[in-house]
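A.B. asks: predicted model and sequence follow; I will ask about them next.
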Amino acid sequence: MAKARALDRRRKSIRNIRKITRTMELIATARFKGAMDRAAAAAAYTRRITTLVSHLAHSGLTANGGLEVSHPLLEPRAEVRRAAVLVLTANRGLCGGYNGGVMRLALSRLQALKSEVPEIVVDVSGKRGISGFRFRGIAIAERYTQFEDRPRFDQVEPLAQRYLEAFLTRRLDRLDVVYTRFESHSRQYPVAETLLPLVELGGGQEQEEPAEEPLYEFLPSAASILEEVVPASFRIRLFKCFLDAGVSEQIARMLAMKAATENADTIISNLSMTYNRARQSQITSEILEVIGGAETIDK
């Protein structure tokens with residue numbers, strides 16, 4: 001009877017674990033839908049403003065007077081002396097290989113930058129990434145744990161402003177962001193993008209390119225419009241990175257918890273079958289013992 005009881009206890013334990021994984025799957029599903037709606041809503045605007053800045057960066061001259069289109073954020077640095085790498089991970093685990101994929105790519109990008117840039121600073125968002133870098137003995141300049149699956153623009157804007165000021169004052173020559181890009185429900189993958197300077201911005205993003213590059217007329221002036229559009233393009237692009245990371249995290253957690261729930265179902269089924277066989281064997285043994293005892297009494 002001891003074996004059957006042990007199997008029954010294990011089956012009950014697996015059932016309790018299944019309740020937890022199923023609940024986490026449902027929570028991740030609900031959060032994923034909200035995060036996906038926000039990411040999809042920002043995607044069209046991000047693509048359009050990125051395309052606009054790309055056109056401005058390559059237009060050279062305006063159509064109404066030959067004024068050169070220029071902005072400090074659009075100018076690549078001849079020599080990159082100080083670079084920053086921002087790594088976006090999750091605050092929690094139980095989301096499959098989401099954090100591991102971002103960490104591997106971040107370490108690879110850092111290794112590649114070491115041969116090119118004299119000084120590199122690492123900023124990390126998410127407790128899992130902070131723990132991962134601390135375990136590897138890599139110094140972290142800034143830590144952020146306030147971003148969840150639904151980051152707000154007013155949360156990201158101070159961070160974007162700090163990078164903008166550092167770049168404009170030449171305390172920073174390059175900014176790379178490592179995060180998980182969201183393309184669809186079935187496709188998310190870690191990427192490393194260079195967000196500053198902005199001439200690199202359109203390289204990793206699919207854009208709709210017109211057959212002929214449009215010409216722009218600036219009112220009231222090119223300088224005033226560029227002063228607003230160019231920094232805004234960086235802020236919204238950085239915000240989109242956080243949105244993509246948030247929705248990708250929830251998808252990864254939803255799939256991981258779904259797989260865990262299905263595995264629990266399989267284990268419970270196998271344990272139930274083994275338990276029934278063990279119980280049947282014990283009942284048969286008890287019946288044989290009773291029959292044997294009765295025969296002994298009759299004799």
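C.D. replies: The structure has been received and is ready for your questions. Here the structure is a predicted model, which is why all the values come from computation and not from measurement.

A.B. asks: where does residue 70 land on pLDDT?
C.D. replies: Model confidence at residue 70, given as pLDDT, is 70.

A.B. asks: ok, residue 146 next?
C.D. replies: 91.

A.B. asks: doesn't it lie inside a helix?
C.D. replies: No - with DSSP: H, G, I helix; E, B strand; the rest coil as the criterion, residue 146 is located in coil rather than a helix.

A.B. asks: what about the nearest residue to it once chain neighbours are set aside, neighbour count?
C.D. replies: The shortest distance from residue 146 to any non-neighbouring residue, by C-beta to C-beta, 6 or more residues apart in numbering, is to residue 155 (6.3 Å). Bear in mind the C-beta positions are built from the backbone N, C-alpha and C, glycine included. Residue 155 has 15 neighbouring residues, counting by other C-beta atoms under 10 Å.

A.B. asks: residue 155 sits in which helix or strand?
C.D. replies: helix 153-168 (DSSP states H and E).

A.B. asks: what is the subsequent helix or strand relative to that helix?
C.D. replies: Sequence order places strand 174-184 as the next helix or strand after helix 153-168, per DSSP H and E.

A.B. asks: buried stuff in that next one?
C.D. replies: Of the residues in strand 174-184, 174, 175, 176, 177, 178, 179, 180, 181, 182 count as buried by neighbour count, 16 or more other C-beta atoms under 10 Å.

A.B. asks: name every strand pairing with it and say which way it goes.
C.D. replies: Sheet partners assigned to strand 174-184 using DSSP bridges are listed as strand 82-88 (parallel), strand 187-196 (antiparallel).

A.B. asks: which one, of those, ends up nearest to residue 6?
C.D. replies: strand 187-196 (41.4 Å; C-beta to C-beta).

A.B. asks: other residues contacting the closest one?
C.D. replies: 73, 101-102, 104-106, 108-109, 163, 167, 172, 174-183, 200-201, 203-204, 234, 237-238, 241, 244, 247-248, 251-252 (C-beta atoms under 8 Å, 6 or more residues apart in numbering).

A.B. asks: separation between the residue nearest to residue 146 and residue 238?
C.D. replies: To residue 238, residue 155 is 11 Å away according to C-beta to C-beta, to the nearest Å.

A.B. asks: common neighbours of those two, please.
C.D. replies: Contact criterion C-beta under 8 Å, 6+ apart; residues shared by residue 155 and residue 238: none found.

A.B. asks: okay, now the unreliable bits of the protein?
C.D. replies: 1-2, 54-69, 199-218, 221-223, 294-295, 298-299 (pLDDT under 70).

A.B. asks: center of it, which residue is that?
C.D. replies: residue 245 (3.0 Å; C-alpha atoms, centre = their mean).

A.B. asks: now do the contacts for that one.
C.D. replies: Per C-beta under 8 Å, 6+ apart, neighbours of residue 245: 88, 89, 125, 179, 180.

A.B. asks: thinking again about what came up before, so which of the strands paired with strand 174-184 is nearest residue 278?
C.D. replies: That would be strand 187-196 among the strands paired with strand 174-184, by C-beta to C-beta, at 44.1 Å.

A.B. asks: tell me how far the lengthiest helix in the chain is from the chain's mean position?
C.D. replies: Secondary structure of the chain read by DSSP state H shows that its longest helix is helix 222-298. Put simply, helix 222-298 sits 20 Å off its chain's centre (C-alpha atoms, centre = their mean, to the nearest Å).

A.B. asks: got it, and stretch 138-150?
C.D. replies: 13 Å.

A.B. asks: ok, stretch 167-179 next?
C.D. replies: 20 Å.

A.B. asks: so residue 243 touches residue 45, yeah?
C.D. replies: No - using C-beta atoms under 8 Å, residue 243 makes no contact with residue 45, being 11.3 Å away.

A.B. asks: of these two, which one has the most company?
C.D. replies: residue 243 (27 against 11).

A.B. asks: how about the nearest residue to the more buried one, chain neighbours excluded?
C.D. replies: residue 39 (4.3 Å).
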